[in-house]
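A.B. asks: fold the following and give me the result.
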Amino acid sequence: MDVRIGVTQTAKELDIELPADADAEALKADIATALVDGTMLWITDRKGRQVGVPAEKIAYLEIGRPDDNRRIGFGG
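C.D. replies: Numbering: from 1, shown residues only. Predicted coordinates for the structure are as follows:
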């Protein structure tokens, strides 16, 4: 599963690749808790690294599988 986090005050995004067995519903619950409480959102990537983002800096989040409608190149 992939997570893309937009950060306020910057045009950059954080792209985090989670383990294949990651639980999307548990992740959504963690995100909601961090946003409501105004705490740090911690996510562990597939290599075991931990990424922390302050909740007040989160502009948007995208959660999806790596194979979800990814298209490469030109076409219709």
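A.B. asks: do a quick rundown of the helices in this structure.
C.D. replies: 24-37 (DSSP state H).
A.B. asks: flag the shaky bits of this structure, pLDDT-wise.
C.D. replies: Residue ranges of the chain with pLDDT under 70: 66-76.
A.B. asks: all strands for it, in order.
C.D. replies: Using DSSP state E, the strands of the chain run over residues 2-7, 13-17, 40-44, 50-54, 58-64.
A.B. asks: pick the most deeply packed of those.
C.D. replies: Neighbour counts (mean count of other Cβ atoms under 10 Å) averaged over each of these peak at strand 2-7, with a mean of 17. All C-beta spots, glycine's among them, are computed from the backbone N, C-alpha and C.
A.B. asks: other SSEs contacting it?
C.D. replies: strand 13-17, strand 58-64 (3 or more Cβ pairs under 8 Å, 6 or more residues apart in numbering; DSSP states H and E).
A.B. asks: what angle separates the longest one from helix 24-37?
C.D. replies: Between the axes of strand 58-64 and helix 24-37, defined by axes from the mean of the first three to the mean of the last three Cα atoms, to 10 degrees, the angle is 170 degrees.
A.B. asks: pairing partners for strand 58-64, with directions?
C.D. replies: Within its sheet, strand 58-64 is paired with strand 2-7 (antiparallel), according to DSSP bridges.
A.B. asks: run the chain-centre distance for the strand it pairs with.
C.D. replies: Centroid separation between strand 2-7 and its chain, computed with Cα atoms, centre = their mean, to the nearest Å, is 4 Å.
A.B. asks: I'm done for today, thanks for sticking with me.
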